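Peer 1: Okay, sequence plus prediction incoming.
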Amino acid sequence: MSIEKHPFPPIFSGSSRILVLGSFPSVRSREEGFYYAHPRNRFWPMLERVFSCSLQSMEQKCTLLHEKHIALWDSIASCSIEGSADSAIEDFKANDIPWLLGKTEITSILANGSKAYDVYMDLIFPETGIKATRLPSTSPANASWSLERLVSAWKPFLAAAGTYPKHAHDAIMEP
């Protein structure tokens, strides 16, 4: 089995405050060069419900993430993998999450499933000191979770995402 490298960069801006962290792109995502590209993955439909919007294009998805101050990346930079299942991931190396944190205002990390959470907490958390919140995976492999259940689980962590001030000094109210 050969080593696969993460094929595309994170999506973020300097004002990103929340990082949604997956494990490693699926075969379909690697082919299309974009996050959560498998048609049965519920990540984008879940965001559509949380933020009451329609996301048809990559541009619309990136725009929503920027407007809501959400960064998107994966915990794994390279690994041996056949197919797309997290259980098939071996010999992995972590992405440079501290680098991303240094370019953003991220204070909250949401792990999309157990593998993303475990890799982050085991390999990256000791360096960042920011604990991740493990949320149910939006993968089609997590079939026991309906879209409605995923929305209910994720919404409390994402609902306030777009309400943060662009800069810390914007939060200070003048009399």
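Peer 2: Happy to help now that I have it. Numbers count the residues shown, from 1 in each chain.
Peer 1: so what's the residue nearest to the spatial centre of the chain up against?
Peer 2: With distances taken as CA atoms, centre = their mean, Val20 lies nearest the centre of the chain, 2.6 Å away. Val20 sits next to Ile70, Ala71, Leu72, Trp73, Leu110, Asn112 when contact means CB atoms under 8 Å, 6 or more residues apart in numbering. Glycine gets a C-beta too; all of them are placed from N, C-alpha and C.
Peer 1: neighbour-wise, which of the residues you listed leads?
Peer 2: Within the contacts of Val20, Asn112 tops the neighbour count with 27 neighbours, counted by other CB atoms under 10 Å.
Peer 1: In contact with Ala141, which residues?
Peer 2: Ala85, Asp86.
Peer 1: Now do the helices in the protein.
Peer 2: In chain order, the chain shows helices spanning 27-32, 43-51, 58-67, 97-102, 114-119, 125-128, 147-158, with DSSP state H as the criterion.
Peer 1: which one of those is the most hemmed in?
Peer 2: Using mean count of other CB atoms under 10 Å, the stretch among the helices of the chain with the largest mean neighbour count is helix 114-119, at a mean of 21.
Peer 1: by contact count, what packs against that one?
Peer 2: The criterion is 3 or more CB pairs under 8 Å, 6 or more residues apart in numbering; DSSP states H and E, and the helices and strands that helix 114-119 contacts are strand 132-135.
Peer 1: Adjacent strands (with direction) for the strand it packs on?
Peer 2: Strands that pair with strand 132-135, judged by DSSP bridges, come out as strand 108-112 (parallel).
Peer 1: related to what we said a few turns ago, return the distance of the residue nearest to the centre of the chain relative to Thr107.
Peer 2: Separation of Val20 from Thr107 (CB to CB, to the nearest Å): 14 Å.
Peer 1: And Tyr120, by the same measure?
Peer 2: 15 Å.
Peer 1: Looking at those two, which one has more neighbours?
Peer 2: In this view Tyr120 and Thr107 are compared by other CB under 10 Å, and Tyr120 has more residues nearby, 26 against 12.
Peer 1: ok, that one touching Leu21?
Peer 2: Yes - between Tyr120 and Leu21 there is a contact under CB atoms under 8 Å: 5.9 Å.
Peer 1: what touches both of the two?
Peer 2: By CB under 8 Å, 6+ apart, Tyr120 and Leu21 have these common neighbours: Ser75, Ile97, Ile109, Ala111, Ala132.
Peer 1: Separate out the buried members of those residues.
Peer 2: For the shared contacts of Tyr120 and Leu21, a neighbour count by 16 or more other CB atoms under 10 Å gives the buried set as Ser75, Ile97, Ile109, Ala111, Ala132.
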